[in-house]
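**Student:** what shape does this take:
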Amino acid sequence: MERREANKAGLKRYRTGRPCKYGHYAERETRSGRCIECKNACQRDYGAANRERYKEYGRKYREANKDYFSEYNREWHQANRKKVLERYKSYYKRNMAANAARSANYAAAKLRRTPAWLSTDERNQIKVFYDVACRISNCLGESFHVDHIHPLRGELVSGLHVPWNLQVIAGRENIAKGNRFHGD
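**Tutor:** All right, here's what the predicted structure looks like:
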């Protein structure tokens, strides 16, 4: 009998040269004498039969350790910035139609939220906000966005696309803010 350290838990395994009752010539565990292939198949079957239970356990565990997972994800994203950007680009290429539809919906919402009674001067002020955001982004090398203080399609509050509802903020802050209104 050949003995050796094989698996991650450090359990010893050996080969008998004889098949198990299911015909596998796989290694066996020293402690139980169980065939490794049978054990793995049993674990796969059990996992498939209890998939919902595992999902629920994982959801509860992540919910209970939300701070740990958010910190871990933030650190991983910072350490693997290139990989994250590649995934974003890949996702964008795979879902170009959905992204185009989303952009068109946003543009339409912006048009619907731009009042007809705005003067030409106020419409030019809106253009200035976008120009300033572009110039700051180019100068600092960091993305800056024009943010609607009261979101165009907010859940509680919906604003208009007017100069007094606009502000230029860093892109990461705008993305973090999302479609929410942070009132004073």
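**Student:** residues of the lengthiest helix in the chain that come out buried?
**Tutor:** Secondary structure of the chain per DSSP state H: the longest helix is helix 120-140. For helix 120-140, burial by neighbour count (16 or more other Cβ atoms under 10 Å) applies to 126, 133, 137. Quick note: C-beta positions are derived from backbone N, CA and C, even for glycine.
**Student:** closest to L156 out of the residues you listed?
**Tutor:** Minimum distance to L156 across the buried residues of helix 120-140 is 24.0 Å, recorded for I126 (Cβ to Cβ).
**Student:** what sits closest to K39 if chain neighbours are left out?
**Tutor:** E29 (7.2 Å; Cβ to Cβ, 6 or more residues apart in numbering).
**Student:** tell me what that neighbour is bridged to.
**Tutor:** Assessed by DSSP bridges, E29 has beta-bridge partners R13.
**Student:** next one, pLDDT for R31 please.
**Tutor:** pLDDT, R31: 71.
**Student:** check the secondary structure at it for me.
**Tutor:** Using DSSP: H, G, I helix; E, B strand; the rest coil, the three-state assignment for R31 comes out as coil.
**Student:** before we move on, the earlier item: list the helices and strands the longest helix of the chain packs on?
**Tutor:** The contact analysis (3 or more Cβ pairs under 8 Å, 6 or more residues apart in numbering; DSSP states H and E) places helix 120-140 against strand 144-148, strand 166-170.
**Student:** winner for burial among those?
**Tutor:** Stretch with highest mean neighbour count among the helices and strands packed on helix 120-140: strand 144-148 (a mean of 20; mean count of other Cβ atoms under 10 Å).
**Student:** what packs against that strand?
**Tutor:** Using 3+ Cβ pairs under 8 Å, 6+ apart: strand 144-148 touches helix 120-140, strand 166-170, helix 171-177.
**Student:** between these, which one is closest to K21.
**Tutor:** Closest approach to K21 among the helices and strands packed on strand 144-148 (Cβ to Cβ): helix 171-177, 58.1 Å.
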